[in-house]
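> Need a 3D model of the following:
(one chain, ligands or ions: 1)
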Amino acid sequence: MTLRPLSQRVPAFEVTEGAGVTVHRSIGTPALKNLDPFLMLDHFGSDNPDEYIAGFPEHPHRGFITFTYMLDGHMEHRDSMGNRGDLKAGGVQWMKAASGVIHSEMPQQTDGLMRGFQLWINLPARDKLSDPAYQEFSAAAIPEVTAAGARVRVLAGEYNGNRGVIDDPATDVLYLDVTLDAGAAFSLPLDDSRNAFVYVFEGDARLAGTALARHTLAVLGKGDAFGIEAGAAGARFILVAGRPLGEPVVQYGPFVMNTREEIEQAFADYRDGQLVRTRAAMTGH
Ligand code: CO
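Model prediction:
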């Protein structure tokens, strides 16, 4: 067994998204343009309505998946597939935009804490123009497993025989939310074929002898196991892994394709009202 070392440490920095929402971005920045198959990671977290109330009004996506995990708050999702989603604390949403989706994500609260993550997962060329799909699950549906000093929510993939609610066939994503008691150590097998990262969002932790402060993303190096230790105040982090696609990435705003021509086509289709081709069924509960 080889523990995966720390390959790169990326402190998140604040950017403004949507209609003026403050987010901490780590993947999708100059320090870490992407981590195949992951294109972007935004951590939103604020108890100041001025920083989130404007939300994310109607906008398009093509060529990838958005994976949203709500930690606190309430967001309403509407999309061109006809879905209306209610994302509440602890709930998760997987939206395969693929050939094209236009959606909005708007806060349903005027005060209190709004906190969560949005991860963009790339699709292989063969799936980029496939039909959109949508999965959404509330907190109650998500398996929660306790280990020594640890509480693990399994959003996608498998942990210790527990299968997460989200099914991600193209890149086989593992997505865990792990809370550790003060000083607790946590490990699991994590095969070498998948790129992986950790993002600490409460407390602090140590990975392979290096301290990870809050709002820090750690890219994991090669190995077949993952190990981490919480600091004196405990730690909470997400651990995410996925199979790399190894394909060219051409990204322009909300469109992620393989070539420049495909990006131009996406803009043309959006302008001509042709971005949305099909409606998709919604699964979840
Ligand atoms: Co969006």
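> What's the biggest strand in the protein, counting residues?
In the chain, taking DSSP state E as the definition, the longest strand is strand 225-242.
> and the closest residue to G18 other than its chain neighbours, what is it in contact with?
Of all residues not flanking G18 in the chain, F56 sits nearest, at 3.7 Å (Cβ to Cβ, 6 or more residues apart in numbering). Glycine gets a C-beta too; all of them are placed from N, C-alpha and C. Remark: with contacts taken as Cβ atoms under 8 Å, 6 or more residues apart in numbering, F56 is in contact with 17-19, 21, 104-106.
> Closest to G161 out of those residues?
When these are compared for distance to G161, the smallest value, 33.3 Å, is given by E105; criterion: Cβ to Cβ.
> For that closest one, grab phi and psi.
E105 has phi and psi values of phi -130, psi 110 when expressed as degrees, to the nearest 10.
> Beta-bridge partners for the residue nearest to G18, please?
When bridges are assigned using DSSP bridges, the partners listed for F56 are E105.
> number of nearby residues for the nearest residue to N122 once chain neighbours are set aside?
For N122, the nearest residue in space outside its immediate sequence neighbours is P37; the separation is 4.3 Å by Cβ to Cβ, 6+ apart. The number of residues packed around P37, counting by other Cβ atoms under 10 Å, is 26.
> Test my guess that P37 contacts N195.
Yes - the criterion here is Cβ atoms under 8 Å, and P37 meets it with N195 at 7.4 Å.
> Neighbours of H215, how many?
17.
> Next one: it from I228, what distance?
Taking Cβ to Cβ, to the nearest Å as the criterion, H215 is separated from I228 by 16 Å.
> and if you look at T16?
T16 sits 31 Å away from I228, going by Cβ to Cβ.
> Was I right to think L212 contacts V198?
Yes - under the contact definition of Cβ under 8 Å, L212 touches V198, with a separation of 7.1 Å.
> related to what we said a few turns ago, list the buried ones in the longest strand of the chain?
Neighbour-count burial for strand 225-242 flags 226-231, 234-242 (criterion: 16 or more other Cβ atoms under 10 Å).
> can you check stretch 23-39 too?
Using 16+ other Cβ under 10 Å, the residues of stretch 23-39 that count as buried are 23-29, 32, 34-35, 37-39.
> same deal with stretch 85-96?
85, 87, 90-96.
> ok but E262 is inside a strand, no?
No - assessed with DSSP: H, G, I helix; E, B strand; the rest coil, E262 is helix; it does not lie in a strand.
> How much space separates the residue nearest to it when sequence neighbours are not counted from L3?
Distances taken as Cβ to Cβ, 6+ apart place V250 nearest to E262, at 7.0 Å, with adjacent residues excluded. Distance from V250 to L3, counting by Cβ to Cβ: 35 Å.
> Tell me where the model's unsure across the stretch 151-285 of the chain.
For the stretch 151-285 of the chain, the stretches flagged by pLDDT under 70 are 278-285.
> where do the helices sit along it?
With DSSP state H, counting those that start in this stretch as the criterion, the stretch 151-285 of the chain has helices at 260-271.
> what bridges to M114?
The partner list for M114 in beta bridges (DSSP bridges) reads S46.
> What's the separation between it and S46?
When Cβ to Cβ is applied, the distance between M114 and S46 equals 6 Å.
> Looking only at neighbour counts, state which of these two leads.
A side-by-side neighbour count of M114 and S46, using other Cβ under 10 Å, places M114 first with 26 against 17.
> tell me the contacts of the more buried one?
Taking Cβ under 8 Å, 6+ apart as the definition, contacts of M114 comprise 44-47, 52, 72-73, 75, 107.
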